[in-house]
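Asks: Structure for this input, please:
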Amino acid sequence: MIFYPEGQNEALQRKFDSLEDVKTAMMNGTVIESKVLLCDSEHNLHVDLGIIRGMIPREEGAIGIDDGSTRDIALISKVNKPVCFTVLGFQRDDFGNISAILSRKAVQLGCKKNFIDNLNVGDIINARVTHLEKFGAFIDIGAGINALIPIDMLSVSRINHPRERLYEGEDIKVVLRKREPEKLTFSLKELLGTWRENAALFEPGETVTGTVRSIEPYGVFVELMPNLAGLAEPCDYLFEGQQVAVYIKSVLPDKMKIKLVIVEAFDESKMAEELTYFVHSEHIDRFDYSTPNAPKEISTVFDEEIQKIS
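Replies: Have a look, this model is predicted:
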């Protein structure tokens, strides 16, 4: 079975017309997805199955809730968001109303055993951005199981906050960078192209839009692509994140440098845009960002044994 980040596979989102269909889903272990209507005072999650309501008991809400390794905020934050689950059984209240008892934890355990535990360093998977922090982006890598992309792995071009590169709810591709016993670390920048691949999109003499990323005494670094920045002469009136029009003066592959001239500055800042991927396979062994004759080598080797040694 293929496991998706929650909300990414519309085929799982359904409501039932009869109680028999819900019972069939229970017997088949069918994975279902629905938006959370409310999280009650005991942190049980309630969803609408169509013919009946369903409840995910707190302990069935996520892996780690029962032993305290996952905080209850992971449940509270799911209100009005899609979650996946299977049907465990049914219960009848004092008024004779039937509701379904559901488990999100069961789907997560299946995802972990049959998908996540089998991932190798260098594997590329689909993910969904769940929330952004100063230090990185949290992503759903399947069935609501979260992992982290550290901020320095979002792109070669440096940013001050992940919101400058991503937005919550965005579907992205990521590569497994490091595996630890209880933690997986993912990266994005190796999928966004080498210096040469990005620079090939630009030619000297063009005027294009860029984003100011760093202002130094010796010049202004302007991002042209997430993995490509050029240097313009010092300018006093700019701010980081600002949009500018730049004239491309020269492109120097051997030095990995692009020389720019700032033509005009705009008032607005630039937030995340749609990403351009240069890798379309399901696995990579190595990423060589720098050009062959560049003075500095920038590479990533996706090898667990080498990572353990280093």
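Asks: Kindly export stretch 73-93 (C-alpha atoms) in CSV.
Replies: Extracted in CSV, the C-alpha atoms of stretch 73-93 (Å, rounded to 0.1, in the frame of the first residue of the first chain):
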residue,chain,number,x,y,z
ILE,A,73,-0.9,19.8,20.7
ALA,A,74,-0.5,17.3,17.9
LEU,A,75,-4.2,16.4,18.3
ILE,A,76,-5.5,19.9,19.1
SER,A,77,-3.9,21.3,16.0
LYS,A,78,-5.8,18.9,13.7
VAL,A,79,-9.1,20.6,14.0
ASN,A,80,-10.5,21.4,10.5
LYS,A,81,-7.7,19.5,8.9
PRO,A,82,-7.8,16.0,7.3
VAL,A,83,-6.6,13.0,9.2
CYS,A,84,-6.4,9.4,8.2
PHE,A,85,-7.8,6.4,10.2
THR,A,86,-9.3,3.0,10.1
VAL,A,87,-12.4,1.7,11.8
LEU,A,88,-11.9,-0.3,15.0
GLY,A,89,-15.5,-0.9,16.0
PHE,A,90,-18.7,0.7,17.1
GLN,A,91,-20.4,2.0,20.2
ARG,A,92,-23.9,3.0,21.2
ASP,A,93,-24.7,5.9,23.5
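Asks: Report the rounded mean pLDDT for it.
Replies: Stretch 73-93 shows a mean pLDDT of 96.
Asks: and what of stretch 280-300?
Replies: 94.
Asks: so how far is it off the chain centroid?
Replies: Distance, stretch centre to chain centre, for stretch 280-300: 22 Å (C-alpha atoms, centre = their mean, to the nearest Å).
Asks: From one end of it to the other, what's the distance?
Replies: End-to-end distance for stretch 280-300, by C-alpha to C-alpha, to the nearest Å: 17 Å.
Asks: next one: stretch 194-203
Replies: Counting by C-alpha to C-alpha, the terminal residues of stretch 194-203 are separated by 16 Å.
Asks: how far out from the middle of the chain is it?
Replies: Averaging C-alpha positions (C-alpha atoms, centre = their mean) puts stretch 194-203 24 Å from its chain's average.
Asks: Also stretch 47-66?
Replies: 25 Å.
Asks: Send me it as CSV with only the CA atoms.
Replies: Only the C-alpha atoms of stretch 47-66 are listed here, as CSV (Å, rounded to 0.1, in the frame of the first residue of the first chain):
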residue,chain,number,x,y,z
VAL,A,47,-15.1,13.3,12.4
ASP,A,48,-18.1,13.0,10.1
LEU,A,49,-18.4,9.7,8.3
GLY,A,50,-21.7,10.6,6.6
ILE,A,51,-24.2,8.1,7.9
ILE,A,52,-22.7,8.3,11.4
ARG,A,53,-20.1,10.2,13.4
GLY,A,54,-16.8,8.8,14.3
MET,A,55,-14.4,9.3,17.2
ILE,A,56,-10.6,8.9,17.4
PRO,A,57,-9.9,8.3,21.1
ARG,A,58,-7.0,10.3,22.4
GLU,A,59,-4.7,7.3,22.7
GLU,A,60,-5.5,6.4,19.1
GLY,A,61,-4.8,9.9,17.8
ALA,A,62,-1.1,9.5,17.0
ILE,A,63,2.0,7.4,17.7
GLY,A,64,3.5,8.4,21.0
ILE,A,65,0.4,10.0,22.7
ASP,A,66,0.0,7.1,25.1
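Asks: okay, now His131: neighbour count?
Replies: 13 (other C-beta atoms under 10 Å). Placement of C-beta: from N, CA and C, glycine included.
Asks: buried stuff in the longest strand seen in the chain?
Replies: Longest strand of the chain, by residue count under DSSP state E: strand 257-269. Within strand 257-269, the residues scored as buried using 16 or more other C-beta atoms under 10 Å are 257-260, 262.
Asks: and it, average pLDDT?
Replies: Averaging the model's pLDDT scores along strand 257-269 yields 91.
Asks: Check which strands are paired with it and give the direction for each one.
Replies: Sheet partners assigned to strand 257-269 using DSSP bridges are listed as strand 228-232 (parallel), strand 242-252 (antiparallel).
Asks: Which residues outside the first one are in contact with it?
Replies: Spelled out, it's strand 228-232. Residues from elsewhere that reach strand 228-232 (C-beta atoms under 8 Å, 6 or more residues apart in numbering): 156-157, 193, 195, 198-199, 202, 210, 213, 219-224, 246, 248, 257-262.
Asks: Tell me the buried residues within those.
Replies: 156-157, 193, 195, 198-199, 202, 210, 213, 219-224, 246, 248, 257-260, 262.
Asks: one step back: next, format the buried residues of strand 257-269 as TSV and append distance to Ile73.
Replies: Converted to TSV, the buried residues of strand 257-269 look like this (distance: C-beta to C-beta, whole Å):
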residue	distance to Ile73
Lys257	46
Ile258	44
Lys259	48
Leu260	44
Ile262	44
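Asks: Given the helix or strand that comes right after the longest strand of the chain, what are its sheet partners and their directions?
Replies: The helix or strand immediately downstream of strand 257-269 is strand 286-288, counting by DSSP states H and E. If you go by DSSP bridges, strand 286-288 pairs up with strand 299-301 (antiparallel).
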